[in-house]
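> need a 3D model of the sequence below.
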Amino acid sequence: MADKTDITQKSKQDKTMSEISERLGAETVNQIQDIVNQQRQQNTMQYQNAQHKQFSTSIECLVNSAREQQMASEQQIQSTLNQASTSLMDARRLENLYNSALQLQQAAQLGISNLQMNARQYKQTIEQMEKDCHEQQVAMDMQVIQSMQQAVSALAQAQNAILQSQAINKMFDSITKCEDNLTQIEQMGQKTTPAM
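Prediction:
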């Protein structure tokens, strides 16, 4: 009964991870489409004066920077989900190995006659353990390779983090420029409004 509950929980976890991955992929496509549509709108936009143009340019810069950071964050989430999925598969294989080993231990405790009577069943269990162990060994070898690749790319990741920090600074600058431009636009409106 516990096995059925575990299987149900695991299938729910797989489904949830799959849905999150699909949603992130769809959101990325939608964001790219939004960027294209906004650029088309901006190309046809008419500016009323220099301040209006400066404000619009600052906002455009801010929107682009924020979107880049959002997409980078979603890529990081996707990477984390992929790692979690791999870890989940590893955990399942290791759990299967552990449970099978416990079954064989219990079989041995029941005595030699039990082993003789159920030898075929226990051989199947051992064959499955061999399969799981081989798959886990391959998975671990792949993780070694990936870890070495990650070590090589660690500097690139650090560089990327520096670039993201610079992008956040750029966003802050854009926000400040927007505020300054809006203040100028507001002051222009006050000058043109006749006094009561």
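> pLDDT averaged over stretch 181-195 - what is it?
The pLDDT scores in stretch 181-195 average 74.
> ok, residues contacting that stretch?
Stretch 181-195 has contacts (Cβ atoms under 8 Å, 6 or more residues apart in numbering) with 49, 51, 52, 54, 55, 58. Using the backbone N, CA and C atoms, a C-beta is placed for each residue, glycine as well.
> switch to 7 Å and redo it
Contact with stretch 181-195 is made by 51, 52, 54, 55, 58, as judged by Cβ atoms under 7 Å, 6 or more residues apart in numbering.
> nearest to residue 131, out of those residues: which one, please.
Out of the contacts of stretch 181-195, the one with the shortest distance to residue 131 is residue 58. That distance is 60.4 Å, counting by Cβ to Cβ.
> correct me if wrong: residue 107 contacts residue 114.
Yes: between residue 107 and residue 114 there is a contact under Cβ atoms under 7 Å: 6.0 Å.
> overlap in contacts, the two.
Taking Cβ under 7 Å, 6+ apart as the contact definition, residue 107 and residue 114 share no neighbouring residue.
> which ones are touching residue 168?
residue 69.
> picking up where we left off before, show me which of the contacts of stretch 181-195 is closest to residue 121.
Distance from residue 121 was checked for each of the contacts of stretch 181-195 by Cβ to Cβ. The minimum falls on residue 58, at 72.7 Å.
> same question for the helix or strand containing the closest one, mean pLDDT?
Under the assignment given by DSSP states H and E, the secondary-structure element containing residue 58 is helix 50-109. Taken as a whole, helix 50-109 has a mean pLDDT of 84.
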